[in-house]
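Chemist: With the sequence up front, the predicted model follows.
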Amino acid sequence: MRPALNWACMRTQGQLRIDPGSLEVGGSAELEIVVPYSEWALTQAVLRRAVALSAGLNVRIHLVAVHASPYPAPAGCPVLVHARLVQQLIDLAGACPVPVNSQVVLARYWDEGFRYAVKPHSTILIGTRRRFRRTQEEKLAQALAREGHEVALLHIDNN
């Protein structure tokens, strides 16, 4: 049996949990869960797990998509790419039974843009696929936990 997470206390350094069984919050305050968008199927699976993990809690999801435009490419996002990304977020949010706030961030690097979008001491659920090498999602999860966020890394099956 997996241990439950208790994220009611604020810490200077966060926690990284792998595939938690549930989320617990003290009081009746609303819990905001931040979910980074990486790919459609992975994000959809994370949203489903977020709903299951937060059953019985007053929860709101903040879905963040980052359009990365690394150097030396000019900063910007082509209109069609931006429109497609926005439509994907709308579709994912519309299929989720809990309230979802979506945000698109333009940044030079994916992890940099995501850090810009999250508040201090956020609760973050990051989905990843099992690989032989560390994924960008696993690296982001470790970095965010070191920065004081409460991070849950969810392994999603390759279905």
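Modeler: Structure's in. What do you need? Numbers count the residues shown, from 1 in each chain.

Chemist: Neighbouring strands of the top strand by length along the chain in the sheet, and parallel or not?
Modeler: In the chain, ranked by residue count with DSSP state E as the criterion, the top strand is strand 59-68. Sheet pairing for strand 59-68, assigned by DSSP bridges, gives strand 31-37 (parallel), strand 100-107 (parallel).

Chemist: for it, which positions count as buried?
Modeler: Along strand 59-68, these residues count as buried under the neighbour rule (16 or more other C-beta atoms under 10 Å): 59, 61-68. Using the backbone N, CA and C atoms, a C-beta is placed for each residue, glycine as well.

Chemist: Closest to residue 50 out of these?
Modeler: The nearest member of these to residue 50, counting by C-beta to C-beta, is residue 61 at 6.0 Å.

Chemist: and the residue nearest to that closest one when sequence neighbours are not counted, what does it touch?
Modeler: Excluding its sequence neighbours, the residue lying closest to residue 61 (C-beta to C-beta, 6 or more residues apart in numbering) is residue 100, at 4.6 Å. Shown in contact with residue 100 (C-beta atoms under 8 Å, 6 or more residues apart in numbering): 47, 60-63, 92-93.

Chemist: Kindly confirm whether my reading is correct that residue 49 touches residue 153.
Modeler: No: Residue 49 is beyond contact range of residue 153, at 11.2 Å (criterion: C-beta atoms under 8 Å).

Chemist: ok, residue 35 to residue 129 distance?
Modeler: Distance of residue 35 to residue 129, computed by C-beta to C-beta, to the nearest Å: 16 Å.

Chemist: Residue 114 versus residue 71, what's the distance?
Modeler: If you go by C-beta to C-beta, the gap between residue 71 and residue 114 works out to 18 Å.

Chemist: So for these two, which residue has more residues nearby?
Modeler: residue 114 (24 against 8; other C-beta atoms under 10 Å).

Chemist: SS state for that one?
Modeler: Look at residue 114: counting by DSSP: H, G, I helix; E, B strand; the rest coil, its state is helix.

Chemist: so who does the residue most central in space within the chain touch?
Modeler: Centroid check for the chain by C-alpha atoms, centre = their mean gives residue 35 as the closest residue, at 2.1 Å. Contact partners of residue 35, counting by C-beta under 8 Å, 6+ apart, are 43, 46-47, 50, 61-64, 124-127.

Chemist: Between the residues you listed, which sits nearest residue 17?
Modeler: residue 125 (9.8 Å).
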